[in-house]
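Trainee: please work out how this folds:
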Amino acid sequence: MKITIIILYFLSVVNVAFTQTEIVWTKENTVKWENFEAQPQADSPQAASINTGIKYTWKTKYIDGNQVLNYEIYAYMKPSKSWVKPSEKSDYLLEHEQLHFDITEYHARKLKQAFDNYKLKPSIKKDLKLIYRQIVKERISMQNQYDKETQHSLDSVVQKQWQDKVSELLKEFR
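Mentor: Below you'll find the predicted structure:
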């Protein structure tokens, strides 16, 4: 009995440690300041920085004699590479950082759509990598545009426009 409890405890600790390395985007799971674990960059003019990305895995399988693409795609944030200057923490700034995560989710959905539309070819590995890289370029460009237009959240009117825009984009790609 003792061994079982120890093993279960060990597995739960390992699971908790694993889940902290990445936080997967979900509608219900919004970021919290506790998720920003990295040391703030004192020389940075920004008050905070969220590290997000898109991961994908894929394989092909046969269904009724037809080869089909099976994949998993998700947007994530890395707490260990996300930071905030303690004196700058506010709900408003956290919403700005959340929108960066939402923009990443939007691009994950675009990637899913591109994979859904992909016609299988012998060059699948290369093709999917090219599609992924293109979506990542678009994501980075949109993230930079967001920060530039909102002046890193300082322009509250434009910030609200971006919130509305991204909300609509996410609805388009459910």
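
Trainee: low-scoring pLDDT stretches of this protein, where are they?
Mentor: Scanning the chain for pLDDT under 70 picks out 1-20.

Trainee: can you map out the strands along it?
Mentor: 23-24, 48-49, 52-63, 66-77, 83-84 (DSSP state E).

Trainee: elements contacting the second one?
Mentor: Read it as strand 48-49. Strand 48-49 sits against strand 83-84, helix 91-117, with contacts defined as 3 or more CB pairs under 8 Å, 6 or more residues apart in numbering; DSSP states H and E. C-beta coordinates here come from the backbone N, C-alpha and C atoms, glycine included.

Trainee: and if you look at the last one?
Mentor: Here strand 83-84 is seen to pack against strand 48-49 when contacts are counted using 3+ CB pairs under 8 Å, 6+ apart.

Trainee: neighbours around K110, how many?
Mentor: Using other CB atoms under 10 Å, K110 has 20 neighbouring residues.

Trainee: next, the contact list for it, please.
Mentor: Counting by CB atoms under 8 Å, 6 or more residues apart in numbering, K110 touches 135, 138, 173.

Trainee: so who does the last one touch?
Mentor: Pointing back at F173 there. Contacts of F173 (CB under 8 Å, 6+ apart): 106, 109-110, 112-113.

Trainee: repeat that with 10 Å
Mentor: 105-113 (CB atoms under 10 Å, 6 or more residues apart in numbering).

Trainee: weed out the non-buried ones from these.
Mentor: 105-112 (16 or more other CB atoms under 10 Å).

Trainee: what are the bridge partners for the closest residue to Y62 other than its chain neighbours, then?
Mentor: Spatially, and ignoring its direct neighbours in sequence, Y62 is nearest to V68 (7.4 Å; CB to CB, 6 or more residues apart in numbering). Note on V68: beta-bridge partners by DSSP bridges are K61.

Trainee: give me the distance between V68 and I124.
Mentor: Distance of V68 to I124, computed by CB to CB, to the nearest Å: 11 Å.

Trainee: please apply the same query to K165.
Mentor: In this view, K165 and I124 are 33 Å apart by CB to CB.

Trainee: tally of neighbours for K61?
Mentor: So K61, with other CB under 10 Å, has 9 neighbours.

Trainee: and if you look at Q163?
Mentor: Residues near Q163, counting by other CB under 10 Å: 16.

Trainee: what residue, apart from its backbone neighbours, is nearest it spatially?
Mentor: L99 (6.1 Å).

Trainee: wait, what's in contact with that neighbour?
Mentor: Contacts of L99 by CB under 10 Å, 6+ apart are 50, 143, 146, 150, 153, 159, 162-163, 165-167.

Trainee: before I go, just wanted to say thanks for your time.
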